[in-house]
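Structural data only, the sequence is not supplied:
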Ligand SMILES: Nc1ncnc2c1ncn2[C@@H]1O[C@H](COP(=O)(O)OP(=O)(O)OP(=O)(O)O)[C@@H](O)[C@H]1O
Ligand SMILES: [Mg+2]
């Protein structure tokens with residue numbers, strides 16, 4: 001049984017944002033953080049692939065394109081396990097609001113898009129805590145590409161060039177990110193991710209997210 005389907009008993013609140021690169025995750029989380037801080041809440045921010053212990057190794061291995069999709073997946077899982085233990089878990093115990101820029105769902109989307117077995121990767125992350133609010137920004141690959149590639153070509157892994165789908169990074173990007181999005185869309189039902197249209201304005205999305213978080217807080221007896 002995965003913890004990702006069970007309600008947690010921590011004092012704190014866990015919020016995560018998901019979606020492909022350029023879907024607007026960080027933009028929304030930064031606005032949310034500033035608002036929560038201004039209302040006097042203890043907030044902590046944690047990003048995918050940022051464990052001090054592991055992220056350097058992943059970076060090195062990526063540079064040399066040394067990893068198979070499954071090894072890639074395991075390294076990210078180690079990074080996640082380390083952050084869960086060092087950052088997320090203690091903060092939730094202390095009653096903080098934890099804002100996670102990408103969560104285990106990122107692995108389920110990207111690794112499966114790379115051919116990893118969906119059940120296998122879900123089992124790897126079966127220790128992940130279920131977020132109180134998990135938001136998914138839905139976007140077309142071409143719209144995301146327009147946002148992030150207006151002044152640069154897609155990066156090697158961003159475009160899924162390791163999968164040899166096409167020699168053209170732009171074309172590869174569209175195919176690969178299309179696959180990632182398909183996996184995210186499945187998770188709306190599977191894990192109750194809340195889908196927002198990434199093309200809506202920054203402001204209207206922020207208003208929606210604040211409303212949803214207010215409801216979570218009110219249900220815990222916290223007024224905001
Ligand atoms: N609703 C929106 N409408 C138009 N542009 C937006 C919107 N939200 C974000 N952007 C712009 O899109 C770009 C990507 O946004 P952002 O960095 O928040 O995405 P991200 O999902 O965090 O991407 P990454 O996964 O690469 O970190 C930024 O230039 C941002 O200003
Ligand atoms: Mg970001």
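Structure's in. What do you need? Remember, predicted model here, so these are calculated numbers, not experimental data. Ligands and ions are numbered 1, 2, ... in the order given.

give the contact list for residue 149.
170, 173 (CB atoms under 8 Å, 6 or more residues apart in numbering). (Each C-beta comes from the backbone N, C-alpha and C, glycine too.)

Distance check, the residue most central in space within the chain against residue 44.
Nearest to the geometric centre of the chain sits residue 102, at 1.7 Å (CA atoms, centre = their mean). Per CB to CB, to the nearest Å, residue 102 is found 15 Å from residue 44.

cool, and residue 61?
Between residue 61 and residue 44 the computed distance is 28 Å (CB to CB).

More neighbours: the two, which one.
Of the pair residue 61 and residue 44, residue 44 is the one with more neighbours under other CB atoms under 10 Å, namely 17 against 14.

hang on, the more buried one packs against residue 91?
Yes - at 4.6 Å, residue 44 counts as touching residue 91 under the criterion of CB atoms under 8 Å.

tell me the contacts of the residue nearest to the centre of the chain?
Residue 102 neighbours (CB under 8 Å, 6+ apart): 16-18, 25, 47-49.

Run me through the strand neighbours of the helix or strand harbouring residue 136, direction for each.
Secondary structure from DSSP states H and E places residue 136 in strand 133-138. Here strand 133-138 is paired, per DSSP bridges, with strand 13-18 (parallel), strand 194-197 (parallel).

Does that strand reach ligand 1?
No - if you take CB under 6 Å from any ligand atom as the test, strand 133-138 misses ligand 1, and the best it gets is 6.6 Å.

again, but for stretch 153-173
No - counting by CB under 6 Å from any ligand atom, ligand 1 has no neighbours in stretch 153-173; the shortest distance is 7.9 Å.

What residues sit buried inside the worst-scoring helix or strand of the chain on mean pLDDT?
The weakest-scoring helix or strand in the chain, judged by mean pLDDT, DSSP states H and E, is helix 55-63 (a mean of 82). By neighbour count on 16 or more other CB atoms under 10 Å, the buried set for helix 55-63 is 55, 58, 62.

Can you tell me the closest non-neighbouring residue to the first one?
The spatial neighbour of residue 55 that comes closest, neighbours along the chain excluded (CB to CB, 6 or more residues apart in numbering), is residue 49 at 5.3 Å.

Might you report the residue contacts of the one you found?
By CB under 8 Å, 6+ apart, the contact set of residue 49 is 55, 58, 76, 79, 102.

Can you tell me the SS state at the third one?
What that stands for is residue 76. What DSSP: H, G, I helix; E, B strand; the rest coil gives for residue 76 is helix.
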